[in-house]
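What would the 3D arrangement of this be:
(3 chains)
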Amino acid sequence: MNGQPMLLLTIISEAVLESTLIDEIMAMGAKGYTISEARGRGTHGIRSGKWSASGNIRIEVVGDSDLCRHIVDNLQKYERDYGLLIFTSQVELLN
Amino acid sequence: MNGQPMLLLTIISEAVLESTLIDEIMAMGAKGYTISEARGRGTHGIRSGKWSASGNIRIEVVGDSDLCRHIVDNLQKYERDYGLLIFTSQVELLN
Amino acid sequence: MNGQPMLLLTIISEAVLESTLIDEIMAMGAKGYTISEARGRGTHGIRSGKWSASGNIRIEVVGDSDLCRHIVDNLQKYERDYGLLIFTSQVELLN
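You can find the predicted model right below:
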């Protein structure tokens, strides 16, 4: 398959942050995003809070590493007060 | 872990295409699929249309590269009229 | 990005197993998990049963390979009686 190597950036967040994060993501130049509902629990990194068992969202963005880095840098400021889990994986974009 | 290297094919599509895409995927020989509800926005590739902010689905298929290529080739015809985002990632199948 | 290489363990399961699998996953030492609703169909590995077209969940855990292996080893016992699809992918954890 003649795909294009890209990164899939996945952000698991409290649902209350949805519009804030989407605004940040689009302002960084993303061409689009996908949101799906999720729930879960976690304590990640230095965050001391626990996510509630409901009310999470998964935001996904396909982009190059520059875009993903800019987005991630821009979301750091929310980590102190909100539960966030952020990771990337390598994908091959096929269209 | 003694896993088997496979591809995870992810298709983000307008929900109206669900049964059409599933029929294509199963006809190509997939052993199964997973669907989850999503919403989002995007303009990808040559498509000029924008996805509405709701009514998307994510279809996922685990398969070898031949199966994924056949499926992707077969879905090209829907790209002109519908919003589609298609990518693969490498996974290790563990059961 | 100064990320940390990790595995993303994905388990697609019948919804009825949710609390059982979560208990196993947390008992193995996972720091958290994400659940989202899914539906689908599949026959995987030696399982002869077919999943119904509804009532699946996706459970995701980010962890190192030791944690993922322990979880996978511990879930083998459910494969005989329930539809399970288990795979890992490499991710870079960014927070």
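
contacts, neighbours, all on C-alpha from now
Noted.

Report the secondary structure state of the closest residue to residue A:84 other than its chain neighbours.
Spatially, and ignoring its direct neighbours in sequence, residue A:84 is nearest to residue A:13 (4.7 Å; C-alpha to C-alpha, 6 or more residues apart in numbering or on different chains). Three-state assignment for residue A:13 (DSSP: H, G, I helix; E, B strand; the rest coil): strand.

State whether residue A:13 and residue A:85 are indeed in contact, as I suppose.
Yes. Assessed by C-alpha atoms under 8 Å, residue A:13 is found in contact with residue A:85 at 6.6 Å.

Tell me which of the two has more neighbours.
Between residue A:13 and residue A:85, counting by other C-alpha atoms under 10 Å in any protein chain shown, residue A:13 is the more crowded of the two (25 against 20).

For that one, list each beta-bridge partner.
Bridge pairing for residue A:13 (DSSP bridges) gives the partners residue A:57, residue A:84.

do the same with residue A:90
Following DSSP bridges, residue A:90 is listed with bridge partners residue A:7.

count of residues packed around residue A:17?
Neighbourhood size, residue A:17 [other C-alpha under 10 Å]: 15.

How about the backbone phi and psi for it?
Main-chain torsions, residue A:17, degrees, to the nearest 10: phi -90, psi 0.

quick one: it from chain C, how far?
Distance of residue A:17 to chain C, given as C-alpha to the nearest C-alpha, to the nearest Å: 17 Å.

What separation do you get for residue A:85 and residue C:94?
8 Å (C-alpha to C-alpha, to the nearest Å).

Pull the contacting residues for the residue most central in space within chain A.
By C-alpha atoms, centre = their mean, chain A has its centre lying nearest to residue A:11, at 2.2 Å. Taking C-alpha atoms under 8 Å, 6 or more residues apart in numbering or on different chains, we find residue A:11 in contact with A:58, A:59, A:60, A:84, A:85, A:86, A:87.

Tell me the one among the residues you listed nearest to residue B:42.
residue A:60 (11.4 Å; C-alpha to C-alpha).

now the closest one, nearest residue through space, not along the chain?
Of all residues not flanking residue A:60 in the chain, residue A:10 sits nearest, at 4.7 Å (C-alpha to C-alpha, 6+ apart).

Also residue A:93?
In this structure, residue A:93 finds its nearest non-sequential neighbour in residue B:87, 4.4 Å apart by C-alpha to C-alpha, 6+ apart.

Wait, the one you found touches residue B:9, no?
Yes. With contact defined as C-alpha under 8 Å, residue B:87 and residue B:9 form a contacting pair (6.0 Å).

now residue A:28: how far from chain B?
In this view, residue A:28 and chain B are 14 Å apart by C-alpha to the nearest C-alpha.

Equivalent analysis for residue A:76, please.
Residue A:76 sits 23 Å away from chain B, going by C-alpha to the nearest C-alpha.

can you list the residues that contact stretch A:23-36?
In contact with stretch A:23-36 (C-alpha under 8 Å, 6+ apart) are residues A:22, A:57-63, A:67, A:70-71, A:74-75, B:36-44, C:36.

Which strands or helices does the helix or strand hosting residue A:72 pack on?
Here residue A:72, judged by DSSP states H and E, is contained in helix A:65-75. In terms of contacts (3 or more C-alpha pairs under 8 Å, 6 or more residues apart in numbering or on different chains; DSSP states H and E), helix A:65-75 is packed against strand A:4-14, helix A:18-27.

Mind listing the residues bridging to residue A:39?
Here residue A:39, judged by DSSP bridges, has bridge partners residue C:35.

In chain A, what residue comes closest to chain C?
Residue of chain A nearest chain C, by C-alpha to the nearest C-alpha: residue A:42 (3.8 Å).

circling back: so which of the contacts of residue A:11 comes closest to residue B:80?
residue A:60 (23.2 Å).
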